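Enquirer: Kindly return the folded structure for what I paste below:
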Amino acid sequence: MPGWQTGLAVEADNRRAAGRAGQGEGASAPAAELVDLRDYRPKERLAVLVVEGDEVDFRAMEWALDRIEEPGVATTRARTGAEAADLLERYPWDIAFVDQRLGDMSGIELVRRAGGRLARTPLVLVTG
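Expert: Numbers count the residues shown, from 1 in each chain. Have a look, this model is predicted:
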């Protein structure tokens, strides 16, 4: 996606935010900062945590994640909720895929127990 398109999206978001802030019709909106992403370099690899107890389901998820070419993916597996909770506390993750059905707890229970540790980690709860 060209950088100028992303810059326009940021400008539109700024205008919407200014309107929600309760500015009157006569007030001017803050100047929009255009973001040029042509020189943006993503991190080398995404850190992905997959919480999945079933071997076949994990292999399918791993296969799909391996298809991401840029920036690439470093996949770590947790087989249980307890193992996942420990990994969530010890390392930063770019995203976590959590199976709803784990051996020692549900994915929902893991999210409750992890609490703030997941505050900055996007989460995909996988059901099936």
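Enquirer: where in the chain is pLDDT low?
Expert: Within the chain, the ranges that satisfy pLDDT under 70 run 1-43, 117-118.
Enquirer: let's go with 50 and repeat that
Expert: Where the chain drops to pLDDT under 50, the residues are 1-24, 27, 29.
Enquirer: And it, what are its domain boundaries?
Expert: 1-40, 46-126 (automatic domain parsing).
Enquirer: Contacts only, for Thr127.
Expert: Applying CB atoms under 8 Å, 6 or more residues apart in numbering to Thr127 gives the contacts Gln100, Arg101. (C-beta placed from N, C-alpha, C; glycine too.)
Enquirer: Need phi/psi at it.
Expert: As for Thr127, its main-chain torsions (degrees, to the nearest 10) stand at phi -120, psi 170.
Enquirer: Could you check how far it is from Tyr91?
Expert: For Thr127, the distance to Tyr91 (CB to CB, to the nearest Å) stands at 25 Å.
Enquirer: go on, Pro71?
Expert: For Pro71, the distance to Tyr91 - CB to CB - is 18 Å.
Enquirer: Helices along this structure, start to end?
Expert: 3-20, 55-66, 81-90, 107-114 (DSSP state H).
Enquirer: Identify each buried residue in the third one, please.
Expert: Along helix 81-90, the positions that meet the burial threshold by neighbour count (16 or more other CB atoms under 10 Å) are Gly81, Ala84, Ala85, Leu87, Leu88.
Enquirer: from those, which is closest to Ser106?
Expert: Proximity of the buried residues of helix 81-90 to Ser106 was ranked by CB to CB; the top entry is Gly81 with 7.8 Å.
Enquirer: dump the residue contacts of the closest one.
Expert: Taking CB under 8 Å, 6+ apart as the test, what Gly81 contacts is Val51, Leu102, Gly103, Asp104, Met105, Ser106, Gly107, Glu109, Leu110, Arg113.
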